[in-house]
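1. Here's a sequence, model it:
(one chain, ligands or ions: 1)
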Amino acid sequence: MSSFIRRSTGLARITKSSLNAYARSGLRATRFSQSSPPVWAARHQQLRYYSSDQNDPKKPSDKPEQKNASSPGPTEGKAPEPSGGDGAQPNERPPLPEGWVYLSESEHAELRKVAVDSSKWLPKYGDGKDAKDLMDDIKETGVPKELRDLLRKKLDGSFSLRDAGTFLKSINSLSNQLAQRMVEKNHPEFFKDKSPDQKQGKQSQDENKSTADGKKARPNQPPENPLKGNDWITTIIGSLVAYYLYNSMFSGDSREITWQELRKNFLAKGLVERLVVTGNQVRVDLNQEATRSMYPDSAAARPGFNYYFSIGSIDAFERHLDEAQQELGIPPTERIPVSYQGASQMANLLTAFGPTLLIVGLIYWASRRGPGGGGAGGMFGFGKSKAKRFNHESAVKVKFSDVAGMDEAKQEIMEFVSFLQKPERFQRLGAKIPRGAILSGPPGTGKTLLAKATAGESGVPFFSVSGSEFVEMFVGVGASRVRDLFANARKNTPCIIFIDEIDAIGRSRSEGSGRFSGGNDEREATLNQILTEMDGFNTTEQIVVLAGTNRPDVLDKALMRPGRFDRHINIDRPTMKGRQDIFKVYLKKVVTNEEIEHLSGRLSALTPGFAGADIANCVNEAALVAARSNATSITMKHFEQAIERVIGGLERKSLVLSPEEKRTVAYHEAGHAICGWFFRWADPLLKVSIIPRGQGALGYAQYLPGDVYLMTERQLLDRMAMTLGGRISEELHFPTVTTGASDDFKKVTQMATAMVTQWGMSDKLGPLHFKNDENQIVKPFAESTAQTIDAEVRRIIDEAYKQCKDLLIEKKKEVGIVAEELLSKEVLTRDDMVRLLGKRPFDDREEFNKYFGVDADKPKPGQESVPPSPPNDGLDQPPIPPQPAIFEQVKGDQFR
Ligand SMILES: Nc1ncnc2c1ncn2[C@@H]1O[C@H](COP(=O)(O)OP(=O)(O)OP(=O)(O)O)[C@@H](O)[C@H]1O
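-> Numbering: from 1, shown residues only. Purely as a prediction, here's the structure:
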């Protein structure tokens, strides 16, 4: 149905323009109101005449005047003779202008079919008349001969694409001429007895006549031909295609019949005039007169109606036809003519190019539809930057006060804020403001938060995008997104762009260009575009680009050079004071009756190595733990549980160990605990537990290493010995050892290797640094050096082993006491240890005593809560970065 409507609408476009004009001309109104009786009489006579038409052009071509229908004949331009073609009735019709002819009934029906039937989908025109009325008038006015010839071609099936164009042009021309004629008829005063020159002269006079008040008099001129100004080209081209589709794909009134029906109803009765084979379809042209008299009520009697049937192959069809004609006794001289036509050109074209055109159209449509409708959005909006834009009203409410524990970084970045707020202060002195800063540091340390706070403080728009959002599967999209981002930013100056995880696109270009790397042109193109854009704006443009990364070491040098990201702000994990400040920020947001100063200090001591995100998570976790136990406020116990959970994972109460396994775990952990208690430089012990936790930890001993920035050889050895305590305890108390100490061995080996190859703690190797690059196939040192390294690592571990074994042999009884207590209580705190073993023989660190000492639970009035800052003599990185409380754990995987 919809296709039918489309077809009609397409064709109707031309009909509509013609009919509109026709109706506007007033032709219809005057025609029906002013028709004189003779005109009506003539019309009735015509109708009678048509019904008795004997000269249908479709009749067998034995009529010589019709064979040559397209050549000028004696009937053209005047009423046809009684014996002549074209079906006109003599003496009843006025003579026509030169080149015009009357239509026969079948021709008129064909024209009507094409033009009028389609217009039923259209609204009425003019004074309510439609295309049917136009067709009625054409009966009386005749049509240009050219149009008549085309109709004949259509009737005999030789109508081509070119003819369709001419046909439409002719219909337009016809409407135009009829409209003009009607204008002349309705306004005879303008046209009567006047040559064209005279008409022109009168018109000029009228136009020049002015009234006394200076206004131009309304020119007394005939109404314009309403078709004037019609857009012929558009109409014809648009309609041409629509019409031809109509003509070739929906060949009007037709119905499929079977071969048997054809044979019985038409072939046997001699009604078939011709068969036209097109592809695998055969159109049956019937002799209309004979069909009408035989089947007056059938659709087949309608002019222009066709039957058709499908064939498997032309050979089979011809054979069938031959047999049928033979059986019916049709003599060879009167056999049905069969003509062959190629498939419709347009149908062929559509089949060949249709799918491609459809896809191209779809892509074009989608590209126009993309966000922003093309432009930088490009196809499907891929090239459009995905940066989220915030401004201080909408989202960025973060202030510097919300960012705790990174005073230096804040100070550094505040300069950007003052630049954005008061640029003239810097420009006055000729200072160039850095264009951007790279914020680097471990995950969760608050890089994004700091960038947001910068935007929040300066109150400027903030564009936030992640480096990975530039990466798409299409080449060129990344660069296009960068362009779009910076273009947007330029429209919104002053503003801040924040590119998080810039290492996704800013990796060093040389890194990927090695022999083994794949193509990374897209990443490079994106990086190049960033470099170009950052060069592109000048320092007065007030765009600040901040970027965050966890891997500043892999970034391209060009990105880091002054003039681009000229500031490198390193945001490390917070110190104890930093953690305390961050805890204070988050403790303000939860309900707790604990004394905040003491609580935050204790929590910060418990969480060495925690980043801001871990702290936020911890406080939230404590609130959840408290809520689970229906507490009215969060207590220290809840916080400790939360920290344990964050570090060690969930308690696995469902994991039930056998009594032997439990015993082994208890002695293993007791070995660690005794070492921690009696070694001078070991980290202070906080808790021992044999409750399984997290992934594979069957038990653990929790120590508090504090924020350590430098470690001595002695400390390292004690820590190694303490780590071996689990296995040695197993050796001493059981006939056989277990697999539970593998993680301990890994740690010990790593420490010993680092001592030998990086920290110069081996006398044999001396102060050398051997970079241990696992990707390197060939080691960067001699084989003999490798052997020395191995020997030295072994020596150090042996030393630690001996040190531990000596201690545990000496303290075998204490190990037993602690292990048995563990078996009964499952968790031992520091107080339990004091109770079982007496006070630790060495002094603990000051901050440890303050928060975990005997009377640490009560804060001392007026006591300075902030522990002294760790020593920092400007040396390199700490040899072993601060870590969360160490868990010496028995790996459970092997036990199961
Ligand atoms: N110094 C801090 N003060 C307050 N909250 C912080 C701080 N650092 C981190 N946080 C908290 O941690 C969350 C995560 O921080 P953020 O996203 O800024 O980390 P990041 O360094 O950008 O991490 P990544 O490198 O993984 O992107 C913040 O939303 C905030 O809640």
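
2. Quick check: phi and psi at Thr278.
-> Main-chain dihedrals, Thr278, degrees, to the nearest 10: phi -130, psi 110.

3. Can you get me a residue count around it?
-> Thr278: 18 surrounding residues under other Cβ atoms under 10 Å. All C-beta atoms are positioned from the backbone trio N, CA, C, and that covers glycine.

4. shaky segments in the stretch 201-350 of the chain?
-> 201-253, 342-346 (pLDDT under 70).

5. 80 instead, please
-> When residues are selected by pLDDT under 80, those of the stretch 201-350 of the chain lie in 201-254, 279, 288, 296-305, 341-350.

6. what bits of the stretch 751-896 of the chain have low per-residue confidence?
-> 771-781, 842-896.

7. where exactly do the helices run in it?
-> For the stretch 751-896 of the chain, helices defined by DSSP state H, counting those that start in this stretch occupy the ranges 783-810, 812-825, 830-837, 846-852.

8. Serialize the ones you listed to TSV and add fields for mean neighbour count and distance to the ligand.
-> Listed next are these as TSV, based on neighbours: other Cβ atoms under 10 Å; distance: least, Cβ to the nearest ligand atom, whole Å:
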stretch	mean neighbour count	distance to the ligand
helix 783-810	16	34
helix 812-825	17	36
helix 830-837	16	30
helix 846-852	19	20
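
9. okay, these in CSV with distance to Gly694 next?
-> Putting those into CSV (distance: least, Cβ to Cβ, whole Å) gives the following:
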stretch, distance to Gly694
helix 783-810, 26
helix 812-825, 19
helix 830-837, 22
helix 846-852, 23
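
10. Which of those helices sits closest to Lys432?
-> helix 846-852 (43.8 Å; Cβ to Cβ).

11. Give me every residue in the stretch 301-450 of the chain lying close to the ligand.
-> Residues of the stretch 301-450 of the chain found near the ligand (Cβ under 6 Å from any ligand atom) are Val403, Ala404, Gly405, Met406, Pro443, Gly444, Thr445, Gly446, Lys447, Thr448, Leu449.

12. Without its sequence neighbours, what residue ends up closest to the last one?
-> If you skip the residues right next to it in sequence, Leu449 has Val403 as its closest partner in space, 5.4 Å away by Cβ to Cβ, 6 or more residues apart in numbering.

13. Give me the pLDDT for the one you found.
-> If you check Val403, the pLDDT there is 88.

14. is it true that it touches Gly456?
-> No: the criterion here is Cβ atoms under 8 Å, and Val403 misses it with Gly456 at 9.8 Å.

15. residue ranges of the strands in the stretch 251-400 of the chain, please?
-> For the stretch 251-400 of the chain, strands defined by DSSP state E, counting those that start in this stretch occupy the ranges 254-256, 272-278, 281-286, 306-310, 338-341, 388-390.

16. For the ligand, what is the nearest residue in this protein?
-> Gly612 (2.1 Å; Cβ to the nearest ligand atom).

17. Is it possible to mark the buried ones in the residues of the stretch 301-450 of the chain next to the ligand?
-> Val403, Ala404, Gly405, Met406, Gly444, Thr445, Gly446, Lys447, Thr448, Leu449 (16 or more other Cβ atoms under 10 Å).

18. Those residues of the protein touching the ligand, which are they?
-> So far as Cβ under 6 Å from any ligand atom goes, the chain lies against the ligand at 403-406, 443-449, 500, 548, 550, 582, 585, 612-613, 616.

19. can you rerun that using 8 Å?
-> 402-406, 439, 441-452, 500-501, 548-550, 571, 574, 578, 581-582, 585-586, 611-613, 615-616 (Cβ under 8 Å from any ligand atom).

20. which ones among those are found in helices?
-> Using DSSP state H, 447-452, 578, 581-582, 585-586, 612-613, 615-616 are the members of the residues of the chain next to the ligand that sit in helices.

21. rewinding a little: and the furthest pair within the residues of the stretch 301-450 of the chain next to the ligand?
-> Ala404 and Pro443 (17.5 Å).

22. Can you list the helices and strands that the one helix or strand Leu485 maps to packs against?
-> Assigned by DSSP states H and E, Leu485 belongs to helix 477-491. Under the contact criterion of 3 or more Cβ pairs under 8 Å, 6 or more residues apart in numbering; DSSP states H and E, helix 477-491 touches strand 462-466, strand 495-500, helix 521-536, strand 543-549.

23. tell me which residues of that helix are tucked away?
-> Val477, Gly478, Ala479, Ser480, Arg481, Val482, Arg483, Asp484, Leu485, Phe486, Asn488, Ala489.

24. Export the residues you listed to a markdown table and append columns for distance to Phe678 and pLDDT.
-> A markdown table is the format used below for the buried residues of helix 477-491 (distance: Cβ to Cβ, whole Å; pLDDT from 0 to 100):
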| residue | distance to Phe678 | pLDDT |
| --- | --- | --- |
| Val477 | 63 | 74 |
| Gly478 | 59 | 77 |
| Ala479 | 63 | 81 |
| Ser480 | 66 | 81 |
| Arg481 | 61 | 82 |
| Val482 | 61 | 85 |
| Arg483 | 66 | 85 |
| Asp484 | 65 | 83 |
| Leu485 | 61 | 85 |
| Phe486 | 63 | 86 |
| Asn488 | 65 | 83 |
| Ala489 | 62 | 84 |
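
25. Show me which pair in those residues is furthest apart.
-> Val477 and Ala489 (18.5 Å).

26. contacting residues around the closest residue to Thr753 other than its chain neighbours?
-> In this structure, Thr753 finds its nearest non-sequential neighbour in Val793, 5.3 Å apart by Cβ to Cβ, 6+ apart. Val793 sits next to Thr749, Ala752, Thr753, Val756 when contact means Cβ atoms under 8 Å, 6 or more residues apart in numbering.

27. State the distance from the second one to Gln180.
-> When Cβ to Cβ, to the nearest Å is applied, the distance between Ala752 and Gln180 equals 109 Å.

28. The two: which is more packed in?
-> Higher neighbour count among Ala752 and Gln180: Ala752, with 25 against 18, using other Cβ under 10 Å.

29. How about the contacts made by that one?
-> Ala752 touches Met720, Val793, Ile796, Ile797, Ala800, counting by Cβ under 8 Å, 6+ apart.

30. what's Ile615 in contact with, if anything?
-> Per Cβ under 8 Å, 6+ apart, neighbours of Ile615: Pro574, Arg579, Ile582, Phe583, Tyr586, Thr607.

31. mind listing what the closest residue to the first one other than its chain neighbours touches?
-> It refers to Pro574. Counting by Cβ to Cβ, 6+ apart, Gly405 is the residue found nearest to Pro574 once chain neighbours are left out, at 4.1 Å. Gly405 makes contact with Gly446, Pro574, Thr575, Lys577, Gly578, Arg579, Gln580, Asp581, Ile582, Gly612 under the criterion Cβ under 8 Å, 6+ apart.

32. now Gln542: how far from Asp500?
-> Relative to Asp500, and taking Cβ to Cβ, Gln542 is found at 21 Å.

33. now swap in Ile582 and tell me
-> 20 Å.

34. More neighbours: which of these two?
-> Using other Cβ under 10 Å as the criterion, Ile582 and Asp500 rank with Ile582 on top: 29 against 19.

35. so what's that one scoring on pLDDT?
-> 92.

36. can you pull the contacts of it?
-> Ala404, Gly405, Pro574, Gly612, Ile615, Ala616.
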